[in-house]
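Q: Here is the input, now give the coordinates:
(2 chains)
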Number of protein chains: 2
Amino acid sequence: MGVSLHHIVIDSRDLPAQARFWCQVLDWKVLSSREREIVIGSDVDAPVGICLMPVDDPKTVKNRVHLDLTPGPDGRDAEVERLLSLGARRVDVGQTGAESWTVLADPEGNEFCVIRPKRTLVG
Amino acid sequence: MGVSLHHIVIDSRDLPAQARFWCQVLDWKVLSSREREIVIGSDVDAPVGICLMPVDDPKTVKNRVHLDLTPGPDGRDAEVERLLSLGARRVDVGQTGAESWTVLADPEGNEFCVIRPKRTLVG
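A: Sure, this is the predicted structure:
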């Protein structure tokens, strides 16, 4: 095995606020916190976590890399409402409204999608 | 459980080429392939995969979301050489050279880092 996926890094302006938001979204916890790096994940042995790192520059264009989240048994609409209540907002990235996903953004504008409930990875 | 992480979506101009590159990087395989979506992953039951979706617009700024990869037993230098031979290139995002990570980009310019060998997620 050569390399494996470890962290998804999100450039952030307010690391603690972003960590709080994403922990609430994913039901994750802070695994390590330093001045220039906060790592969150489901637990320390999880294969993939999110690492928040500081940047000064504001977001200017739609991100070319984003996360797709899959809702649990409560379904997509209930989850979208929960995420909006946590500080997400709906954004327009040119979607028609006929898509099977809902486009939201985190408090710093990073787009993410809530997709259909998962069956398998290829569902 | 509300939502869970499902896919990392990478906006791409050449989906098959991007799928080929990332499968070689991660030793993953194509799980589904449609005209407007190629999904890759380690296997269909893997919790997180990468989904390549088409965009027309070229990349203009440093991505605000990127992947950190952790090398296996061959170590970082050998892995960086392997990734360069697959079509990655070294990029300058303002790093000083003293960092513990190496910054590369995929064939479409999406930055990613190869970090120290993993011990735990918080290593």
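Q: can you list the domains in chain A?
A: Domains of chain A are assigned by automatic domain parsing as A:7-58, A:60-118.
Q: Among those domains, show me which one is buried the most.
A: Comparing the domains of chain A by mean neighbour count (mean count of other C-beta atoms under 10 Å in any protein chain shown), domain A:7-58 ranks first with a mean of 18. (C-beta placed from N, C-alpha, C; glycine too.)
Q: what's the average pLDDT for that domain?
A: Per-residue pLDDT over domain A:7-58 has a mean of 96.
Q: what about it, near chain B?
A: Yes: on the criterion C-beta under 8 Å from any C-beta of the partner chain, domain A:7-58 is in touch with chain B at A:7-11, A:25-27, A:31-32, A:39, A:41, A:43-49, A:51, A:55.
Q: Among these, which are located in strands?
A: Within the residues of domain A:7-58 next to chain B, residues falling in strands by DSSP state E are A:His7, A:Ile8, A:Val9, A:Ile10, A:Asp11, A:Leu31, A:Ser32, A:Val39, A:Gly41, A:Gly49, A:Cys51.
Q: Leaving out chain neighbours, which residue sits closest to the second one?
A: The shortest distance from A:Ile8 to any residue that is not its chain neighbour, by C-beta to C-beta, 6 or more residues apart in numbering or on different chains, is 5.1 Å, and that residue is A:Ile50.
Q: Tell me if I'm right that that neighbour and A:Asp11 touch.
A: No: counting by C-beta atoms under 8 Å, A:Ile50 does not reach A:Asp11; the two are 11.7 Å apart.
Q: What helices and strands are in contact with the strand or helix carrying A:Phe21?
A: According to DSSP states H and E, A:Phe21 maps onto helix A:15-26. Counting contacts by 3 or more C-beta pairs under 8 Å, 6 or more residues apart in numbering or on different chains; DSSP states H and E, helix A:15-26 packs against strand A:3-12, strand A:29-34, strand A:37-41, strand A:49-54, helix A:76-86, strand B:3-12.
Q: Which one, of those, ends up nearest to A:Ala98?
A: helix A:76-86 (14.8 Å; C-beta to C-beta).
Q: Now look at the helix or strand following that closest one and say if it contacts chain B.
A: Sequence-wise, the next helix or strand downstream of helix A:76-86 (DSSP H and E) is strand A:89-90. No: Strand A:89-90 stays clear of chain B (C-beta under 8 Å from any C-beta), getting no nearer than 15.4 Å.
Q: Pull up the pairing partners for strand A:89-90, direction included.
A: As defined by DSSP bridges, the strand partners of strand A:89-90 come to strand A:102-105 (antiparallel).
Q: Quick one: distance of the strand it pairs with to the chain centre.
A: Offset of strand A:102-105 from its chain centre (C-alpha atoms, centre = their mean, to the nearest Å): 10 Å.
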